[in-house]
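In: Model the structure of this input:
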Amino acid sequence: MYVTLIAVAALWGAGTGLLVPRAVYRLAVEPDEAWRDACPDGHPLTGPAGGWLGGPGCRAEGAAGGHGRVVGVRGAHGPAVVAAGACALLAAATGPRPELAVWLLLVPFATVLAQVDIRVHRLPDRLTLPLAAGAAGLLGAVAPLPGAAGSWPTALLGGAALGAGYFVLFLLHPGGLGFGDVKLALGLGVVLGWYGWSVLLAGACAGFLFGSVYGLGLMVRGRAGRRDAIPFGPFMIVGAFTGVVAGALAVPV
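Out: Numbers count the residues shown, from 1 in each chain. The predicted structure follows:
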């Protein structure tokens, strides 16, 4: 059963990963720019969810015979591989507990946020706030189900606590953190808090550790200085992922 569960989770991750490049392309803009609604050649982006879901290109009319050609935006294989691996690990750690469905549903959102932050150092409200609300609502829905291993009240408190902690850090050092990181912390705190305060602390610390190691590596290689900003969202997400996997493994199935 576990093998089947992991395989299905990996297929889910790969499938959703193939749909997120369109959203990444549209959202990866500077703060003073509108979301993109056309491919690099100027063709309108259409398709599922109003053109927000799909592969890394649009279908443009060819010059002859009415045949179409695909105008590329960005590759889709990277996010698909990452999402498939993340979903497989979550399934292996969580097992058939009901919260696994929540983790799998949140992976595409986290994938898009990480990709956008890497490209333009931005975490759009369009995703961070729904991530927090969605995590809270979905975990509240699965909490009463048999086999659920977490605590919904602690998850809600965890979101508030981690969000407040990041807000304080933002006030103390606004050049080191963006307000988008504060909003992302709300959702990640909910997810980490599900398995308890120790998991919340571990996941938060892991994010800072990963980010610090990456920044130090850039400085050692001469590719960044002490005052240069790095996209911190991906490290927050990887830290939260690490915490959730550890928390799920610590709970007997």
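
In: Quick check: which ranges of the stretch 1-150 of the chain have low pLDDT?
Out: Across the stretch 1-150 of the chain, the ranges flagged by pLDDT under 70 are 1, 56-57, 59-76.

In: What ranges does it have for its helices?
Out: Assignment of helices within the stretch 1-150 of the chain using DSSP state H, counting those that start in this stretch yields the ranges 2-17, 21-27, 48-51, 77-94, 99-120, 125-142.

In: Buried ones in the fifth one, by neighbour count?
Out: The reference is to helix 99-120. Taking 16 or more other Cβ atoms under 10 Å as the neighbour-count basis, helix 99-120 is seen to contain the buried residues 99-104, 106-117, 120. All C-beta atoms are positioned from the backbone trio N, CA, C, and that covers glycine.

In: just to revisit the earlier point, which stretch among the helices of the stretch 1-150 of the chain approaches Gly150 most closely?
Out: Distances from Gly150 to each of those were compared using Cβ to Cβ; the minimum, 6.0 Å, belongs to helix 99-120.

In: Can I get the helices of the stretch 1-150 of the chain in JSON lines including distance to Ile230?
Out: Rendered in JSON lines, the data for the helices of the stretch 1-150 of the chain read as follows (distance: least, Cβ to Cβ, whole Å):
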{"stretch": "helix 2-17", "distance to Ile230": "24"}
{"stretch": "helix 21-27", "distance to Ile230": "19"}
{"stretch": "helix 48-51", "distance to Ile230": "31"}
{"stretch": "helix 77-94", "distance to Ile230": "19"}
{"stretch": "helix 99-120", "distance to Ile230": "10"}
{"stretch": "helix 125-142", "distance to Ile230": "18"}
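
In: so which of these is the most packed in?
Out: Per-stretch averages of neighbours, counted by mean count of other Cβ atoms under 10 Å, single out helix 21-27 among the helices of the stretch 1-150 of the chain, with a mean of 24.

In: Tell me how far that one lies from the chain's centre.
Out: Between the mean C-alpha point of helix 21-27 and the mean C-alpha point of its chain there is a distance of 13 Å (Cα atoms, centre = their mean, to the nearest Å).

In: just stretch 94-109 next, same as before
Out: Using Cα atoms, centre = their mean, the distance from the centre of stretch 94-109 to the centre of the chain it belongs to is 13 Å.

In: So what touches that stretch?
Out: Defining contact as Cβ atoms under 8 Å, 6 or more residues apart in numbering, one finds that stretch 94-109 is touched by 1-2, 5, 9, 12-13, 16-17, 19-20, 83, 86-87, 90-91, 127, 130-131, 134-135, 138-139, 142, 145-150, 187, 191, 194, 244, 248, 251, 253.

In: where in the stretch 151-253 of the chain is pLDDT low?
Out: Counting by pLDDT under 70, the stretch 151-253 of the chain contains low-confidence residues at 224-227, 253.
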